[in-house]
Each structure stands twice: as structure tokens, then as C-alpha cells.
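1. Mind folding the following:
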Amino acid sequence: MSFDYVIVGGGSAGSALANRLSADPSVKVLVLEAGRPDYPWDVFIHMPAALMFPIGSRFYDWKYESEPEPAMGGRRIYHARGKVLGGSSSINGMIFQRGNPMDFERWGADPGMKAWDFAHCLPYFKRMETASGDARFRGKSGPLVLERGPAEGPLFEAFFEAVRQAGHELTDDVNGFRQEGFSTFDRNLSHGRRLSAARAYLRPVRGRKNLTIRTRAFVERIVFEGRRAVGVQVKGEVIKAGEVILCGGAINSPHLLQLSGVGPAELLEKVGVPVVADVPGVGENLQDHLEVYVQHGARRPVSMQPALKLWRRPFIGAQWLFLRSGPGASNHFEAGGFVRSNDEVAYPNLMFHFLPIAVRYDGTAPAGGHGYQVHVGPMYSDARGTVRLRSADPRVKPALRFNYLSTAQDRREWVEAIRHARDILRQPAFAEIDAGELSPGPGVETDEEILEWVARDGETALHPSCTCRMGVDDMSVLDPDTMKVHGMEGLRVVDASSMPYVTNGNIYAPTMMLAEKAADLILGRTPLAAEDVAFYRHT
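-> From the prediction side, this is the model:
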């Protein structure tokens, strides 16, 4: 059987693209997802507070690990990626942030990229969402229904007062007119359930006769005739395609290209892969966000710490299962903000998430009971890494090198990030609650001590991107007007790897926006008209 479009990866981009392409009944669309289905009964996916369980599980997570990072003491940084229908949107923290409009102005300023500036991206952000806020900026009828965090209780009250005391402003909507400042956050959860890309985009259209979805379908390579992609191979079977569209993300998409003979010729020849096309930018330009948790103890019982107790979990689960309420119905990342760390940056380069509990992603908590924390890190580091093929065997994971903390800018902004976080958490608003800093602790004060701590304790924020970037220069991979791989036919990449620069926030929203716009480009439709709406600029 053959299809007009074979989409490799049923994650954030793949789900949105499958919905939009299959809306044309004259085309046949196949989605191939290597992971499992997102079963409706799977509490680990659909309960927002259960996000710590799929991360690190071989049933849901690709379980990547970086090469030893030179500037982090040779540590290998664990990197979770969703291996399930919905991709990482089925295991992520559900924080919905577009990035700053200036991110897309930066995209649009590169040669050949004018159609990706903010005015051209805004209508696609609006098309995909149903959200509260200013209708000039926010969509009102899209498939992705968003909820704002309530951010209620003593800790959130203290946090918002503390940011004001530290000299920062509040903003109505970080995805609206003004990103800079602090606010409640949009979240991709609805009525107490995670709203993954699969639930928002695939589940409503699964009945379309021209849409086929296959899970547990690991694509081993792309099949070419000359420089035209004509299909993919799954368990030795060749599935014919009019076009192959890679939506595997910033790790899997460049890896599959390299496995299939598209990438830096020298690298491919070294591992014995026949070269189909020498495209040197495939797997280069890897970008990500590193983050740390600045944690404080609380001397009053005001945090979510009791929800961690094992004996409470059955009750929390039952409350969520039958009422869609209680601690299980929130991701608890309900508020935060964006700050410029110094006067040289034009728009915010630090992001803060406030959490009313002291805990790590894996669910471990420091000794001491009640607490709270902010997640913080620089948003547009100039460090660049790589995704590189290790073997011609598709089951061998690629080598990942992020080069965290490797530049002077990165190190400077990390010191500024920790000092800003501490300044907020040490404000009088927390005085009646604060039992002292747990992490990094009083023994970390100088710039050198801060950087040493970040190198020891930093974790990825799980935003890999930019490894098959759009552009027209020699190291770009994709034509910005078509999303086609340069020099190839019938082969496109539509996912976070397509971005030229990582945005200054969580990347779920811009990845789906990119897929929404790519659908029009692929179908040959006239793109949505640009909306030249004024947005906040610091002066």
C-alpha cells in the first residue's frame, strides 16, 4: 500500500501535521510512531501530576544520555524524549509558552526567513489554540484548549509579592502583548487531564478514512530513488510514499537522515553508510536549555509536600479519576516569569518556573519536608552542540553533545540567573515562610562556586532543537519556503529541529505552530495573512 504523505513520528509536530494534511480527503496520510499508543486508561500519561512516572521509563521514554559534557565535569546529562503517541507532549511538564515575539523577529531577520517573523507566525499560534486573553494575540477556536494556572495559596501569594519587591513587574499574559514579567502560566491541560498533541489533534480525527496511525512502528531508514524519497523501511517492509515528512524531533530526525545517507559525508562514510546527499548541517547547531532548582525549606505547612507521601497516592488518584480534581489534576507549574539578566539584552533571557514544593523531576525530595523552588536558566545560550551517528545500525542511539556552560556568555548569564533567583526568594514576602535555602545552599556564593554548582547539579529543561535548521546558507538543512531538505525531493522535516534558534521558553508551542504553518506550505495553500500587531519592546 502507498500513501501520499508518510509522517515519521506521532509527536507534537506529527500529530498537528497529520490532522491538517488529512483534512484534505483526496490525500492518504500515514503516521508512524515508534512508541506505544496513548491508551485512554493510562494514568501515567493523562494525570497531570503523574508526569514524574513516564520520564525514565523505557515504556514511554527514549532515555537518551549525552556524551560526557566537558564543561560539566564530564557528566552525562540524562535526556528524556517521548516514545509514545503524542511524543514528548505526552510526558512533558505541560507548560505552554510561545516564546518572545523577538524570537521570531530573530528568525525572520536571517536571509530567506522573512516569512517566519512574528507577524507571519502569530496567525498560526492563534489558529491552534483556544485561550483566554487579548484576541489580537490569542486564538479562540483552535484544537488546543489551554487553561491558566490558578496559582493560589500562601506560597504563590508570597512569590508574586516577592517579584514586585525585587523590582519586577507583573504581566497579564506571557503569551500576549508583554512576555517580560511574571504571571500565571498557560498549560496544555483541560478539565484535569493532560491535553497532549495526540489528544488535541489526532483523537478527534481518527475516524477519517484517509488517515492511518500505526504505533510500535520503528522506521529504520528512508528509501530513496536517486535523490527522491519514495518511502520508508519498517521491520524490513518498505512503505511507499509520495512524500516522507520527518517529525521525530531534534534528536531522531537528524539521526534518521544520517542513517539514510543524508548528512555530513565524512561522518556517514566513517560508519559505513552510503552517502545519498552531502548535507553538512544535519545534526549540527544543537541547542537546548539547561536549568537548576533553587530550593528553600518552608517553616509552615503550606507546600504540596504531603501529596508526595505514598499513603496519600491512592486517595489522590481516586479524586482525580472520579472527579478530575485535587492535587493530581495540576502540573503545579502554575506561575513564573521572564527577566532580562543584564542591560545588554533586548528581551528576556531568563525564565523562572515557581513550584510550591521542593522536588526533582524524578519525584525525589530533599530532607526537611515542606519547601518550594524556582526553576531557572538562560534561554538563548550561544553554546552549540551536535547529534552524530555512531553506527549504521538504526537501534544504536546517536552521540549527543550539548556543550553546556562552554561559552563566556553562557557562564555569565548563569551567574546572573542564580543571583536573580536568590534576590526574589530572599524578599520580605517570604520572611514568615522561609526556613532557609536548601539548594545550592549557603556554601555557594562566589561566581566560581555558582558555576561549579550548576555544573554538578544542572539538568536539561528538555528543549532540544535546531539540528535541521531552516535557512539558505551552506550549513542550513531546510528550505524555509517548503520545509524540504536542500537538494532532495519528496523529503521534508517539520519539528523542533527545523528551528534556526531555540525560543526563550518551553518549545512545545512553537513546535506546533511550525507544524501548523508547514501544513499550508506542504499543501500549496496560501499562507495565513501576516498580522502586524504591536508587542512590548523594552526601551
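2. got the phi/psi numbers for the residue nearest in space to the middle of the chain?
-> Of all residues in the chain, the one closest to the mean position by C-alpha atoms, centre = their mean is Ile507, 3.5 Å from it. Main-chain torsions, Ile507, degrees, to the nearest 10: phi -100, psi 0.
3. how much space between it and Arg395?
-> Ile507 is 27 Å from Arg395, where distance means C-beta to C-beta, to the nearest Å. Backbone N, C-alpha and C define where each C-beta goes, glycine included.
4. Repeat that for Arg75.
-> Distance of Arg75 to Arg395, computed by C-beta to C-beta: 25 Å.
5. The two: who's more crowded?
-> Arg75 (17 against 7; other C-beta atoms under 10 Å).
6. which one is that one nearest to, not counting chain neighbours?
-> With C-beta to C-beta, 6 or more residues apart in numbering as the criterion, Arg75 has its nearest non-adjacent residue at 5.6 Å, and that residue is Glu69.
7. Next up, the contacts around the one you found.
-> Taking C-beta atoms under 8 Å, 6 or more residues apart in numbering, we find Glu69 in contact with Arg75, Arg76, Ile77, Arg401, Phe402, Asn403, Tyr404, Leu405.
8. Repeat the analysis, applying 10 Å as the threshold.
-> Glu69 is in contact with 75-77, 290, 385, 400-406, 455, 458, counting by C-beta atoms under 10 Å, 6 or more residues apart in numbering.
9. Just the buried residues out of these, in PyMOL syntax.
-> Per 16 or more other C-beta atoms under 10 Å, the buried members of the contacts of Glu69 correspond to this PyMOL selection:
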select buried, resi 75+77+290+385+400+401+402+403+404+405+406+455+458
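10. can you tell me which of the contacts of Glu69 are in helices?
-> Ala455 (DSSP state H).
11. Can you lay out the contacts of Glu69 as TSV showing distance to Pro440 and pLDDT?
-> Formatted as TSV, the contacts of Glu69 follow (distance: C-beta to C-beta, whole Å; pLDDT from 0 to 100):
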residue	distance to Pro440	pLDDT
Arg75	16	97
Arg76	21	98
Ile77	18	97
Leu290	15	97
Gly385	25	98
Leu400	26	98
Arg401	26	98
Phe402	21	98
Asn403	22	98
Tyr404	17	98
Leu405	15	98
Ser406	21	97
Ala455	11	98
Gly458	11	96
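12. May I see the contacts of Glu69 arranged in JSON lines, with distance to Trp107 as well?
-> What follows is the contacts of Glu69, written out as JSON lines (distance: C-beta to C-beta, whole Å):
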{"residue": "Arg75", "distance to Trp107": "32"}
{"residue": "Arg76", "distance to Trp107": "31"}
{"residue": "Ile77", "distance to Trp107": "26"}
{"residue": "Leu290", "distance to Trp107": "22"}
{"residue": "Gly385", "distance to Trp107": "20"}
{"residue": "Leu400", "distance to Trp107": "24"}
{"residue": "Arg401", "distance to Trp107": "24"}
{"residue": "Phe402", "distance to Trp107": "21"}
{"residue": "Asn403", "distance to Trp107": "22"}
{"residue": "Tyr404", "distance to Trp107": "23"}
{"residue": "Leu405", "distance to Trp107": "25"}
{"residue": "Ser406", "distance to Trp107": "24"}
{"residue": "Ala455", "distance to Trp107": "31"}
{"residue": "Gly458", "distance to Trp107": "27"}
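13. Narrow the contacts of Glu69 to those in strands?
-> Among these, the ones falling in strands (DSSP state E) are Leu290, Leu400, Arg401.
14. out of the residues you listed, who's nearest Asp495?
-> Comparing the ones in strands among the contacts of Glu69 against Asp495 with C-beta to C-beta places Leu400 closest, at 16.2 Å.
15. Can you report how many residues neighbour the closest residue to that closest one other than its chain neighbours?
-> Leaving aside its sequence neighbours, Leu400 sits nearest to Ser66 (C-beta to C-beta, 6+ apart; 4.6 Å). Look at Ser66: counted by other C-beta under 10 Å, it has 21 neighbours.
16. how much space between Ser66 and Ala417?
-> Note on Ser66: its distance to Ala417, by C-beta to C-beta, is 21 Å.
17. ditto for Val232
-> 42 Å.
18. Please apply the same query to Ser497.
-> Separation of Ser497 from Ala417 (C-beta to C-beta): 26 Å.
19. do the same with Gly458
-> For Gly458, the distance to Ala417 - C-beta to C-beta - is 11 Å.
20. which among the contacts of Glu69 gets closest to Leu155?
-> Nearest to Leu155, judged by C-beta to C-beta, of those is Gly458 at 24.2 Å.
21. Confirm for me that the closest one is in contact with Ser381.
-> No. Between Gly458 and Ser381 there is no contact under C-beta atoms under 10 Å: 11.7 Å.
22. what's the overlap in contacts for these two?
-> By C-beta under 10 Å, 6+ apart, the residues touching both Gly458 and Ser381 are Leu290, Tyr404, Leu405, Trp414.
23. where exactly do the helices run in the stretch 151-300 of the chain?
-> According to DSSP state H, counting those that start in this stretch, the stretch 151-300 of the chain carries its helices in the segments 154-165, 197, 249-259, 265-270.
24. check contacts around Phe218.
-> The contact partners of Phe218, by C-beta under 10 Å, 6+ apart, come to Val8, Leu32, Glu33, Ala34, Gly35, Lys83, Gln233, Val234, Lys235, Pro394, Arg395.
25. before we move on, what about Ala417?
-> By C-beta under 10 Å, 6+ apart, the residues touching Ala417 are 290-292, 294, 339, 341, 349-352, 374, 376-379, 450, 454.
26. now swap in Ala80 and tell me
-> Counted by C-beta under 10 Å, 6+ apart, Ala80 has contacts 54-57, 60-64, 88, 91-92, 361-362, 460, 462.
27. Which pLDDT value goes with Met379?
-> At Met379, the predicted lDDT confidence score is 97.
28. ugh, wrong one, Ser132
-> For Ser132, the pLDDT comes out at 93.
29. got any ranges where the stretch 351-500 of the chain has weak pLDDT?
-> For the stretch 351-500 of the chain, applying pLDDT under 70 flags the ranges 359-368.
30. could you show me where the strands are in it, in order?
-> Along the stretch 351-500 of the chain, the segments classed as strands by DSSP state E, counting those that start in this stretch run 371-378, 386-388, 399-401, 434-439, 459-460, 491-493.
31. Dump those strands to JSON lines, plus distance to Met512.
-> Shown next, in JSON lines, are those (distance: least, C-beta to C-beta, whole Å):
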{"stretch": "strand 371-378", "distance to Met512": "22"}
{"stretch": "strand 386-388", "distance to Met512": "22"}
{"stretch": "strand 399-401", "distance to Met512": "24"}
{"stretch": "strand 434-439", "distance to Met512": "33"}
{"stretch": "strand 459-460", "distance to Met512": "20"}
{"stretch": "strand 491-493", "distance to Met512": "15"}
